[in-house]
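Engineer: kindly generate the corresponding structure for this input.
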Amino acid sequence: MDAPFPSPPARLARRGLIAVVLAVVLFGTAAAPAGPAVPPGPGAAAEQGAPELDVVLPVLDCAELAGRELELATGDTARLLRSQVVPASETAAEHCKVSGVITPQHLFEVTLPTANWTQRYLQYGCGGFCGMAPGAFPIASAGCEPLARGELATAYGNGGHVAASATDGSWAVDRSLFEDYAYESEHQLSLAASQVMEAFYGQEPQYRYFNSCSNGGRQALVLSQRYPGDFDGIIAGAPANITVPLVIFSLGWNSRANTAADGSEIIAATDLPTLHAGALAACDELDGLVDGIITDPLDCSFDPATVQCAADGDEGCLSAEQVEAARKIYQGALDEAGAPFYPGGGMPHGSELAWAGWIVQAGPDDGVPASQAFASGWLRYMASLDPMVSLELEDLVFDTETYQALREVDAVAAADDPDLGEFRDAGGKLIIWHGWNDPAIPAQGSMAYFEAVTEAMGGADAVGEFARLYLVPGMYHCSGGDGPDQFDLLTPLMAWVEGGNAPEGVTASQLDEDGTVTRTRPVFPYPQVPVYDGAGDPDDAASFSSAPEGQHHLTWASTFGSSGRAWCQLENGNLVCSEDIAPGG
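Structural biologist: Numbers count the residues shown, from 1 in each chain. Here you go, the predicted model:
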């Protein structure tokens, strides 16, 4: 941090060399793995799929893509480093895999079907603070047949930079990389992938889709708000779009709430089953069915004092200190007036088992919980647009003054603008989904954001023309949980975009370790919730109907879109950001 940043000309002169070296190191020379495979399976949702599209065959040999240089409308340069045909396998159709880099550090891969491309493109985002070697993470698409047959060209990248781990934020001292991560990387990739497809097939795709979760969900909403013409359909899973309130005043708060004065954990992983059992005992039956799932955690008023030990030395219960820590985690950080800094407050009841690894150490030999790692990484390297500002989590004060100061960065990194008029007017369709038992990103943030969109965009009927929200009972962060977590929203999205068929309920499935379906459950668009009919197999989705009972009006210490939407330019190593700066590309 003490060394001065190189001047822009010096930095730009190094970008191409850095890009090539990093790409060679991380990609290597071995064949890339096969493209993302999504086998047909439970959860295929839409009875009416997307229209059939003609297959377009390549007009160029795969090997001829390597070595090309692409000039992007953002002013960046993309280099295609390798391209090779990957033979068909049990999990993927034959495809041309292209590895490339957008200067300086944005590593990406594009997979191009060689025999059955149906003119569709699907882009994935990246999780955490990104920075890892590229990899595709198909999600919310279990049973999507066009994807399983390898009909879609796909692409994914590392978010614009290289990092040691998903919680490493040290790369952000280079503020040009932070700008890429904050809002530009997925737009860059969409531009590069379009040129690759045009070269290989002789045309660009007819339909473009984006599907990702967590930070990838934030990227999805960034695209809908900043680049409304890039994608026809967007799926935003568990979006981390309310950035500073989430990373610092939710994740950071949880870490501090569970840390004793001597630095040790208050609640340990071995205490979580007791806490979870107490929550289920209090609230499982509220939805009319005792099945290990709290359908709507906001209806639950579980007090952890009900599992407090009666005397020292008792087992299978919590100490008074642990009860107080649990209360803080459920409540979330509050401002001086009692309003939560993150919409709806803290962790949902029913999520307790998922706290292992996120809020508490998963085991004695594991590293710090992810909440602490993410909050610390952000504060040290991304707390301010000024790269010289570095803070420590243990010194943070959870008050309004600190909250307002730290939210300056949200003008660049957040995706919380409820005005989606440009995306709607461009014909875009948006599906947001969130697991109710998410221990990383509380689902009430997505609910509150969707309510703000509904208010800003003319009411429920008007929003229903282009956007849907699905809240999945019992589901953890992006996958897993007490309830069904495998479902297909990609097929309904394609049917909506291409055929005008708005999605309704989808069927989610729960699998055992062998991949056998053990339970199915419908998931309906918000504010509908699944209600057991009182007869039939409770593990069968057919035994449930929808009821409009899931509406909650959540308050918090801010308003959506209040941080603004700034665009940045790099000047002498610093980002100069303003809403008046015209975006590039």
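Engineer: test my guess that L80 contacts G67.
Structural biologist: Yes - using C-beta atoms under 8 Å, L80 is in contact with G67, at 6.5 Å. Quick note: C-beta positions are derived from backbone N, CA and C, even for glycine.
Engineer: quick one, which of the two is more surrounded?
Structural biologist: L80 (22 against 11; other C-beta atoms under 10 Å).
Engineer: quick one: strands adjacent to the helix or strand that contains that one?
Structural biologist: Assignment of secondary structure by DSSP states H and E places L80 within strand 77-86. According to DSSP bridges, strand 77-86 forms sheet pairs with strand 69-71 (antiparallel), strand 95-102 (antiparallel).
Engineer: please identify the deepest-packed of those.
Structural biologist: For the strands paired with strand 77-86, the stretch with the most neighbours on average is strand 95-102, a mean of 26; neighbours defined as mean count of other C-beta atoms under 10 Å.
Engineer: chain center to it: distance?
Structural biologist: Offset of strand 95-102 from its chain centre (C-alpha atoms, centre = their mean, to the nearest Å): 23 Å.
Engineer: just stretch 466-482 next, same as before
Structural biologist: Chain-centre distance of stretch 466-482: 12 Å, with C-alpha atoms, centre = their mean.
Engineer: got the buried residues for that stretch?
Structural biologist: Neighbour counts using 16 or more other C-beta atoms under 10 Å place 466-478, 481-482 of stretch 466-482 among the buried residues.
Engineer: stretch 384-400 now?
Structural biologist: Applying a neighbour-count criterion of 16+ other C-beta under 10 Å, one finds L385, P387, L391, L393, L396, F398 buried in stretch 384-400.
Engineer: ok, and the closest non-adjacent residue to the third one?
Structural biologist: Spatial nearest neighbour of L391, excluding adjacent residues (C-beta to C-beta, 6 or more residues apart in numbering): L379 at 4.2 Å.
Engineer: for the stretch 251-400 of the chain, which segments count as helices?
Structural biologist: Assigned by DSSP state H, counting those that start in this stretch, the stretch 251-400 of the chain shows helices spanning 253-257, 272-283, 320-331, 370-381, 400-406.
Engineer: now the closest residue in space to Q444 that isn't next to it in sequence: phi and psi?
Structural biologist: By the measure of C-beta to C-beta, 6+ apart, the closest residue to Q444 outside its immediate chain neighbours is G344, 2.9 Å from it. Note on G344: backbone dihedrals following degrees, to the nearest 10 are phi 80, psi 0.
Engineer: for G344, give me the pLDDT.
Structural biologist: According to the predicted model, the pLDDT of G344 comes to 93.
Engineer: residue contacts, it?
Structural biologist: G344 makes contacts with L298, G332, P442, Q444, G445, M447, A448, H552, L554, W556, as judged by C-beta atoms under 8 Å, 6 or more residues apart in numbering.
Engineer: from the chain's centroid, how far away is stretch 220-229?
Structural biologist: If you compare the mean C-alpha spot of stretch 220-229 with that of the full chain, they lie 14 Å apart, counting by C-alpha atoms, centre = their mean.
Engineer: apologies, that question was intended for stretch 260-273.
Structural biologist: 28 Å.
Engineer: do stretch 170-179 as well
Structural biologist: Taking the mean of its C-alpha atoms, stretch 170-179 sits 20 Å from the chain's own mean (C-alpha atoms, centre = their mean).
Engineer: what do you get for stretch 103-113?
Structural biologist: Per C-alpha atoms, centre = their mean, the displacement of stretch 103-113 from the mean C-alpha position of its chain is 20 Å.
Engineer: same question, stretch 305-317
Structural biologist: Stretch 305-317 has its C-alpha centroid displaced from the chain centroid by 38 Å (C-alpha atoms, centre = their mean).
Engineer: send the alpha carbons of that stretch over as CSV?
Structural biologist: Extracted C-alpha coordinates of stretch 305-317, given in CSV (Å, rounded to 0.1, in the frame of the first residue of the first chain):
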residue,chain,number,x,y,z
ALA,A,305,-34.2,-19.2,25.9
THR,A,306,-36.5,-22.2,25.6
VAL,A,307,-33.4,-24.4,25.2
GLN,A,308,-31.3,-22.7,27.9
CYS,A,309,-29.7,-24.9,30.5
ALA,A,310,-31.5,-25.0,33.9
ALA,A,311,-28.2,-25.5,35.7
ASP,A,312,-24.5,-25.5,35.0
GLY,A,313,-23.3,-28.9,33.7
ASP,A,314,-26.5,-29.7,31.9
GLU,A,315,-26.1,-31.2,28.4
GLY,A,316,-28.1,-30.7,25.2
CYS,A,317,-28.9,-27.1,26.1
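Engineer: what comes up buried for it?
Structural biologist: Neighbour counts over stretch 305-317 (16+ other C-beta under 10 Å) mark V307, Q308, C309, C317 as buried.
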